[in-house]
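Enquirer: below are the sequence and a predicted model for it; my questions follow.
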Amino acid sequence: MKGEPAARNTIVSFNIGKCAGNIVTCIDSSIPLSSAEEPSRTIQPPDLRQVTILTKAEWLRIQDELNRVNKDKESMREAASQREALHLQSKEVVKLWSNTIAGQRQKNLEAKKIREQIEEEKRKLTDIEEAKYQEQKRKEAIEKAKTQLYYQTDRVKGLHRALMLTEVLKEREAQIELKQRIKSASKDVDKEFMHISKTREDEALRREQEKAHQKKLERQAVAENLKKQIKENELARQRQKTENKKDGEEIQRHQELYQWEQRMEERRQAEQKRNLMQGHLEHLTNRDLIRAADAQKHAAEEEQRKLYLSAKQKMMKLRKDKEMEIFREAQMHRERIMNKLTVTQQEQTVSEEQRLAKAVAERDAKQAQQQREEEEKRSAMLKSITAHREFMRKEKEQRDKVAQQNMRDTLQAKREADRIFSEKQQLKTQRIREDERKLQEFNATQMAAKIARHQQLRREEHEFEAKNTDLVATEENQFQQYAQHIIDAAAEAQRNVFPLCKAAREGIGGGLGPVCSGVRPSYLVQDCSGAQMPNYVSGATENIKKLNEAVDIQEAKRRLGFM
């Protein structure tokens, strides 16, 4: 530009992002020279004069080259993904066809599923029937267990023991009668014995013949069943053979279809390999072209790098010249400062004596000034002591007034506290009375609840006793019915029913005491044996009872020594 000093024009190449692109910038920098009188020079930053702007397409091309984007690979990848999608779509379409192996397999699976569902329904019905049968068996087992448990009770076992005793007594009577008959018929024993032996042999022979005939009939029935099972097994084998033959033909047909599909798959794979080989050759050709383009691009970058290095060397040379110039200016400035310091030191040497004399005079004046200041301080101290005493007296009077006021305030606060305390005591007394009233109400409520609970317990005890009494009566009635049935059966069979009647007496328990509330208790002797007292009823016991039983209670008291 006109009116400006000469300027240095420098071409600089800047690297943008990973050496993405080279933007050539022309920088016109003007550095004005300073005059000889200035101590230092200022360096102004360069002004941007011209910037080359790239288009968007060029910028994208540079970015693609930097990121090594291979558009051919991307297109091949997209084509492969499209082929895979079409292949999956064709599989989905073929999957629904019924005349393929997969379709027939699907039909077979569906038929198998239907057969399994039908079998499952049959199994469910069988399980329901089995559950009903098992329920019936469980009910029968429960009834049997209840009966067995009832038979295991002490009273029933005692009744059964009595029944056994009646049978033993009957057998004993029969043995005695047999013994008497043998004694009375001792003359005809041999004949009778021979007759009896012959009769027994004939009966045994007849039984053996019947058993042999029965076994023969059973063997014939078993043989017929075996023949029928053999025929059924033969028919089943024939049916199985026919089904196996059909399955073999079906498997053979499926095998032929599978081999045909395998051949088609091999042809398709061979075609695919040829396509892949052709694509690989094309890829190699494209790679050679790309490498040639990369070589050209690297050559261009190497040329640009050389230009950049030359420009950088020029800039470094200019920077070194500028630093040398700044160093020379600093050296000249340092020499000027040294000259000024030499002149100043000479002037200080000349004025040193003058300063000493002036310092002595100033010291004398300072001592006189200090004496005056001490006198003034002493008088000021006396004045301050007097003022302090007066201040302290006034402060004491003020403190006394404040103390009296505090005492009055404290007395007033105490009175107020006493009033508040009395009010709190009244409130506390009222609250205590209220708590006592609530406690009395709570105690009354608890007492009523306790009485109600006690009454409820007594009612429950009465109900339990009534239920227990009913249960005892029911069990007693059931036992008496069962015992009466056994006694009647024994009487019809002409057995001795006395042990049964003794075992079937009223009252639960095996004691010998009187019945009390449906229970027959046991009374034990007071010694180490722990034996049960007998229930003897005789004239002697009645007489002893009359002697020891008190008819008049007053007479009994006098006899025992009570007044």
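Expert: Arrived safely, thanks for sending. Residues are numbered from 1 along each chain as shown.

Enquirer: and for residue 487, the neighbour number?
Expert: 21 (other Cβ atoms under 10 Å). Bear in mind the C-beta positions are built from the backbone N, C-alpha and C, glycine included.

Enquirer: and it, how far is that from residue 174?
Expert: 20 Å (Cβ to Cβ, to the nearest Å).

Enquirer: for residue 217, same thing?
Expert: Going from residue 217 to residue 174 by Cβ to Cβ gives 39 Å.

Enquirer: got it, and residue 124?
Expert: Taken as Cβ to Cβ, the span from residue 124 to residue 174 is 61 Å.

Enquirer: now do residue 211
Expert: For residue 211, the distance to residue 174 - Cβ to Cβ - is 30 Å.

Enquirer: now swap in residue 489 and tell me
Expert: 18 Å.

Enquirer: now swap in residue 554 and tell me
Expert: Residue 554 is 63 Å from residue 174, where distance means Cβ to Cβ.

Enquirer: got it, and residue 458?
Expert: Residue 458 is 60 Å from residue 174, by Cβ to Cβ.

Enquirer: cool, and residue 92?
Expert: Here residue 92 is placed at a distance of 96 Å from residue 174 (Cβ to Cβ).

Enquirer: repeat that for residue 118.
Expert: Distance of residue 118 to residue 174, given as Cβ to Cβ: 67 Å.

Enquirer: now residue 63
Expert: 127 Å.

Enquirer: more neighbours, these two?
Expert: Using other Cβ under 10 Å, the more surrounded residue of residue 63 and residue 174 is residue 63, with 14 against 10.

Enquirer: and the pLDDT for that one?
Expert: If you check residue 63, the pLDDT there is 75.

Enquirer: one more: the one 10 residues further on?
Expert: At residue 73, the pLDDT value in this model is 72.

Enquirer: with residue 122 instead?
Expert: Reported pLDDT for residue 122: 92.

Enquirer: tally of neighbours for it?
Expert: Residue 122 has 10 neighbours, counted by other Cβ under 10 Å.

Enquirer: surely residue 165 touches residue 499?
Expert: Yes - between residue 165 and residue 499 there is a contact under Cβ atoms under 8 Å: 4.6 Å.

Enquirer: okay, these two: which has more neighbours?
Expert: Legend: neighbour count by other Cβ under 10 Å for residue 165 and residue 499, higher for residue 499 (20 against 17).

Enquirer: give me the element the more buried one is part of.
Expert: helix 498-503 (DSSP states H and E).

Enquirer: neighbouring contacts of that helix?
Expert: Helix 498-503 is contacted from outside by 155, 158-159, 161-163, 165-166, 169, 483, 486-487, 490, using Cβ atoms under 8 Å, 6 or more residues apart in numbering.

Enquirer: mind running it again at 6 Å?
Expert: Outside helix 498-503, the residues within contact range by Cβ atoms under 6 Å, 6 or more residues apart in numbering are 158, 159, 162, 165, 166, 487, 490.

Enquirer: what mean pLDDT does the longest helix along the chain get?
Expert: The longest helix of the chain (DSSP state H) is helix 189-350. For helix 189-350, the mean pLDDT works out to 83.

Enquirer: please apply the same query to stretch 86-94.
Expert: On average, stretch 86-94 scores 80.

Enquirer: chain center to stretch 254-261, what's the gap?
Expert: Remark: stretch 254-261 is offset 53 Å from the chain centroid, using Cα atoms, centre = their mean, to the nearest Å.

Enquirer: CA atoms of it as CSV?
Expert: Below are the C-alpha coordinates for stretch 254-261, written out as CSV (Å, rounded to 0.1, in the frame of the first residue of the first chain):
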residue,chain,number,x,y,z
HIS,A,254,-36.8,-88.2,1.6
GLN,A,255,-33.2,-89.4,1.1
GLU,A,256,-33.5,-88.9,-2.7
LEU,A,257,-35.0,-85.5,-2.2
TYR,A,258,-32.2,-84.6,0.2
GLN,A,259,-29.5,-85.8,-2.3
TRP,A,260,-31.1,-83.7,-5.0
GLU,A,261,-31.1,-80.7,-2.7
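
Enquirer: residues near residue 557, how many?
Expert: 12.

Enquirer: any idea how far it lies from residue 339?
Expert: Residue 557 is 154 Å from residue 339, by Cβ to Cβ.

Enquirer: which of the residues in stretch 482-496 are buried?
Expert: Using 16 or more other Cβ atoms under 10 Å as the test for burial, stretch 482-496 gives 482, 483, 486, 487, 490, 495, 496.

Enquirer: run through who's touching that stretch.
Expert: Contacts for stretch 482-496 (Cβ under 6 Å, 6+ apart): 159, 163, 166, 169, 170, 497, 500, 504.

Enquirer: TSV for those, including distance to residue 418, pLDDT and neighbour count?
Expert: TSV is the format used below for these (distance: Cβ to Cβ, whole Å; pLDDT from 0 to 100; neighbours: other Cβ atoms under 10 Å):
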residue	distance to residue 418	pLDDT	neighbour count
159	93	84	22
163	100	87	20
166	104	88	22
169	107	87	14
170	110	86	15
497	103	82	19
500	99	83	23
504	93	77	19
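
Enquirer: return the closest of these with respect to residue 359.
Expert: residue 159 (149.0 Å; Cβ to Cβ).

Enquirer: relative to residue 177, how far out is the closest one?
Expert: 27 Å.

Enquirer: which stretches of the stretch 351-500 of the chain form helices?
Expert: 352-492, 498-503 (DSSP state H, counting those that start in this stretch).

Enquirer: among those helices, which comes closest to residue 77?
Expert: Of all the helices of the stretch 351-500 of the chain, helix 352-492 comes closest under Cβ to Cβ, at 87.5 Å.

Enquirer: quick one: that closest one to chain centroid distance?
Expert: 46 Å.

Enquirer: and stretch 227-235, how far out from the chain middle?
Expert: Centroid separation for stretch 227-235 versus its chain: 60 Å, with Cα atoms, centre = their mean.

Enquirer: now that stretch: buried residues?
Expert: So stretch 227-235, judged by 16+ other Cβ under 10 Å, has zero buried residues.

Enquirer: export that stretch to PDB, keeping only CA atoms.
Expert: Coordinates of each C-alpha in stretch 227-235 appear next as PDB, following Å, rounded to 0.1, in the frame of the first residue of the first chain:
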ATOM      1  CA  LYS A 227     -52.900-119.000  22.000                       C
ATOM      2  CA  LYS A 228     -55.000-115.900  21.700                       C
ATOM      3  CA  GLN A 229     -52.000-113.700  22.900                       C
ATOM      4  CA  ILE A 230     -49.700-115.500  20.300                       C
ATOM      5  CA  LYS A 231     -52.200-114.700  17.500                       C
ATOM      6  CA  GLU A 232     -52.500-111.100  18.700                       C
ATOM      7  CA  ASN A 233     -48.700-110.700  18.800                       C
ATOM      8  CA  GLU A 234     -48.400-112.100  15.300                       C
ATOM      9  CA  LEU A 235     -51.000-109.700  14.000                       C
END
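
Enquirer: make residue 1 into 39 and carry on from there
Expert: Okay, residue one is now 39; in that scheme the one you just asked about reads as stretch 265-273.

Enquirer: residues contacting it, please?
Expert: Outside stretch 265-273, no residue touches it (Cβ under 6 Å, 6+ apart).
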